[in-house]
Structures are given as C-alpha cells and as structure tokens.
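Asks: here is my input; please provide its structure:
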Amino acid sequence: MVSANEEQRTEKIPVWDLPDVPSGNLPAHLELQRTRTVCTSDAPIHTENIQYSGAYASMGVDNSMRFEKFCKNFKVEVIRLGDDDMEFDMVGIDASLANAFRRILISELPTMAIENVLVANNTSVVQDEVLAHRLGLIPLKVDPRLFNYKSENDQPSEKNTIVFKLHSRCEKKSSRINVKSSELKWLPGGSEFALSTEKPTQDSTSKIKTYTSFTCSQDSLPEFSSNPIAPTHDDITLAVLGPGQEIELEAHAVKGMGKTHAKWSPVATAWYRMLPEVILLQEIEDEKAEELIKKCPLNVFDIEDIGKGRKRATVARPRSCTLCRECIRGDDWDKLVALQRVKDHFIFTIESTGALPPDVLFTEAVKILEDKCERVITEMS
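Replies: Next up, the predicted model:
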C-alpha cells in the first residue's frame, strides 16, 4: 500500500507546467561552465570551450560567433610596456586566437641573425662549429624590415646581408682574456676576405673580389647613418683565449624566421595565461583570515580592519594568483574560497630579444595574421 503522503511526493508535474527558461539567458551553472574554468583541489574542471553555435538553442541562447559581438567585446589593454618586454590583456577572444599570436611571435616574425661564418684563424679551445653556433645566437639590433630575404641563388648585397668581423688575440705571457660580443665590428662596406678562388694579381688598381657584392656602403644609407648595426648586448661571452691564442673571422647575417631556426626568433619567449578570479564564498575573519594570509605564497590576500578589533580577509591582488591552490587545500577551505579562470580574458606577455620593441612585434604579428586570413578568404572565394 502507498500512503497518501508518498503518493503526493511522487506526483508528476506536466512538462507544460514547468517554469520557462528565460530566453537569451543561461542558468547560472551553465553560464559558469561556458565562461569559466573552475580549479578544484584535485584538478581544473570545465576546461573545454563550447564553440558549437547550437549548443544552447533549446534554451533560446545563440552561441554562435557574431562579428558585431566580437567587435563589441574585444579589447586590448596594455598593462606594462618596457624596452624589452610588455604585458597586456586581450579580452573577448578564444584561446585558439591567442595561441595563434603566440606561435606567430615565436616562429613567423623575421629577424637578422648570423648564418655564415668565415674563419680565417682559430687557435682557441672552442671548435669552429661551436663558435659559429654561439655567434648565430647573438641578437642583433637592426630592423629586419629594411632587408630582403636571401635565397641560395642570390649574391650577398647591402640589401640582404650584414657583415661583422672579429679579430681578438691574447698575447703571450699575458693572462687569459674573454672575447665578448662587443668585439664584433660592423663592416658597412661588406666582406674584407678575398674569395678563396681569387688568384693574386700584381695590378694594384684592380679590385679584389670578396664574399659579398655591395654596390654601396651600408652606412651611407639614411636608415643606418645614425643607427649603426651592432649586437643588442655587448657582454655576451663568445670564447676565452689563453696566451698566444687568436680568433679571426667574418660573420655574415641574413634574414630568416624562427620556424627555420630558433636564432631568428625575435622573442626570448611569448606566453599567455587566463585571467585568474579569486572569490571569497564566505566572510573570513580573525584567526581564519590570518591563516589564509599565511597559506598564500604570492600575497594575493590582504586583511582589512572592520572595527571593534575584528579583521576580515580580502582579495587584494588577484592577478598575482598562479592557481597553486594552496588556499583551498585543507579542511573545508574549498567551501570558503573559489578559484576560477576567465576563458576569454588572456594576460599576454612578450619578451623581445632586442631587435624590435615588443609593441612593434605584436603589431607585426597582427599584420601576419591578417595576411593569413586574407589568403584563406581569397582561396575560398
């Protein structure tokens, strides 16, 4: 037998009597899954991006990417800008777009780097190949947009090649010396080494053929007359010479991209992270507040005085949070503090090697992505 109370509890409600889902708005728990990644004490959840346009069609919510909506929500805000690094926020984009900028910055922005090394004399303990590799990794302070790419069939010219010379000698009976990048001297007139196939001639008026074919000196060009080309840093150690040892060489730099070799990458690194959100689910006061302050290694929390000798914890520096989750580990701390990341808000950091300022690098990355999009549209039309 079923009692009257049990029958009342199991009574079914017709579907047309259920409350309507507000059109255009998602329930709070679905909106949280769509826009936030929640970090629990074990692992993050809701990490996937829901990109299907009809994912919430039954609730009257359009999840498609509209151009007007993108223009309205997208923004870039510069937080910090220095000579070699910058930090900015990109809001209203998908992780795939942020990653596209990162990949372009690392591998598709061209720079100038030493590619060919002509060694005339090297009696140091550093082998020729190792020395050439170290020279290639020296960042050069020169705008790559002023040069052309050099193919295998092109002759080295003032428009596609930069030549440096290095000649350092440690005299006998003297102490060892460090060969620094400051000893790389720019040769605006091109190579000074005669071609190995060139035969000596008695005619003093004839010009000796060298490894480059410069028609004019690079320092006569207006873009280089006031900005001589040199390594970005003068204190990079190339080798250590002992008494009687000597290095004499020429280094030829050409234009290339990081996807060919890392020496052409214009950034030391470029990375992004989603904006962290730290939420206090309850008031945390007095001893608990002090304990919370000690749990966080990055001083995300602070304490404010609320009067009558009482203290309360507040979230003072949420951007500093790395989601180490120390604040939610332990007995019931996950019921007091919630950690989240905003899926469409990215904190982007660029560290330049010095060839170009970081803001110029990002601008050039935008142009490259724009060209890629135009190419796809052209091929599809």
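Asks: helices along the stretch 251-381 of the chain, start to end?
Replies: If you assign secondary structure with DSSP state H, counting those that start in this stretch, the helices in the stretch 251-381 of the chain sit at 286-295, 358-380.
Asks: tell me which other helices or strands the shortest one touches.
Replies: Packed against helix 286-295, as judged by 3 or more Cβ pairs under 8 Å, 6 or more residues apart in numbering; DSSP states H and E, are the following elements: strand 301-307, strand 310-315. C-beta here means a position set from N, CA and C on the backbone, and glycine is covered the same way.
Asks: pLDDT (mean, whole number) over it?
Replies: Averaged over helix 286-295, pLDDT sits at 92.
Asks: distance between that helix and the chain's centre?
Replies: Taking the mean of its C-alpha atoms, helix 286-295 sits 36 Å from the chain's own mean (Cα atoms, centre = their mean, to the nearest Å).
Asks: contacts for that helix next, please.
Replies: The list of residues contacting helix 286-295 from outside it, by Cβ atoms under 8 Å, 6 or more residues apart in numbering, reads 284, 299, 301-303, 310-313, 326-327, 329-330, 333, 336-337.
Asks: any of the residues you listed buried? List them.
Replies: 284, 301, 303, 311, 312, 313, 326, 327, 333, 336, 337 (16 or more other Cβ atoms under 10 Å).
Asks: how much space between residue 44 and residue 340?
Replies: The span separating residue 44 from residue 340 equals 9 Å under the rule Cβ to Cβ, to the nearest Å.
Asks: got the helices of the stretch 251-381 of the chain as a markdown table, with mean neighbour count columns?
Replies: Rendered in a markdown table, the data for the helices of the stretch 251-381 of the chain read as follows (neighbours: other Cβ atoms under 10 Å):
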| stretch | mean neighbour count |
| --- | --- |
| helix 286-295 | 15 |
| helix 358-380 | 14 |
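Asks: so which of those helices is nearest residue 192?
Replies: Of all the helices of the stretch 251-381 of the chain, it is helix 358-380 that lies closest to residue 192, at 32.8 Å by Cβ to Cβ.
Asks: name the helices or strands packed onto the closest one?
Replies: In terms of contacts (3+ Cβ pairs under 8 Å, 6+ apart), helix 358-380 is packed against strand 75-81, strand 85-91, helix 95-107, strand 337-352.
Asks: now do the residue nearest to residue 249 when sequence neighbours are not counted, the pLDDT please.
Replies: Leaving aside its chain neighbours, residue 249 sits nearest to residue 119 (4.7 Å; criterion: Cβ to Cβ, 6 or more residues apart in numbering). pLDDT, residue 119: 96.
Asks: residues contacting residue 119?
Replies: Under the criterion of Cβ under 8 Å, 6+ apart, the contact partners of residue 119 comprise 128, 131, 132, 248, 249.
Asks: surely it is in a helix?
Replies: No - going by DSSP: H, G, I helix; E, B strand; the rest coil, the assignment for residue 119 is strand, not a helix.
Asks: and of the buried ones among the contacts of helix 286-295, the nearest to residue 30?
Replies: Within the set of the buried ones among the contacts of helix 286-295, residue 337 lies nearest residue 30; the separation is 22.9 Å, counting by Cβ to Cβ.
Asks: next, work out how far apart the closest one and residue 258 are.
Replies: Separation of residue 337 from residue 258 (Cβ to Cβ) stands at 41 Å.
Asks: again, but for residue 217
Replies: Applying Cβ to Cβ, one obtains 30 Å for the distance of residue 217 from residue 258.
Asks: of these two, which one has the most company?
Replies: More neighbours sit around residue 258 than around the other of residue 217 and residue 258, counting by other Cβ atoms under 10 Å; the figures are 21 against 14.
Asks: tell me which of the helices and strands packed on helix 358-380 lies nearest to residue 68.
Replies: Here strand 75-81 is closest among the helices and strands packed on helix 358-380 (Cβ to Cβ), at 14.8 Å.
Asks: quick one: buried residues of the closest one?
Replies: In strand 75-81, no residue is buried by neighbour count (16+ other Cβ under 10 Å).
Asks: which regions of this structure sit below the pLDDT cut-off?
Replies: Flagging of the chain using pLDDT under 70 yields the residue ranges 1-24, 197-206.
Asks: from the centroid of it, which residue is nearest?
Replies: Centroid check for the chain by Cα atoms, centre = their mean gives residue 270 as the closest residue, at 1.0 Å.
Asks: list the residues that contact that one.
Replies: With contacts defined as Cβ under 8 Å, 6+ apart, residue 270 is in contact with 101, 102, 105, 106, 348, 349, 350, 351.
Asks: fine, thanks again, bye for now.
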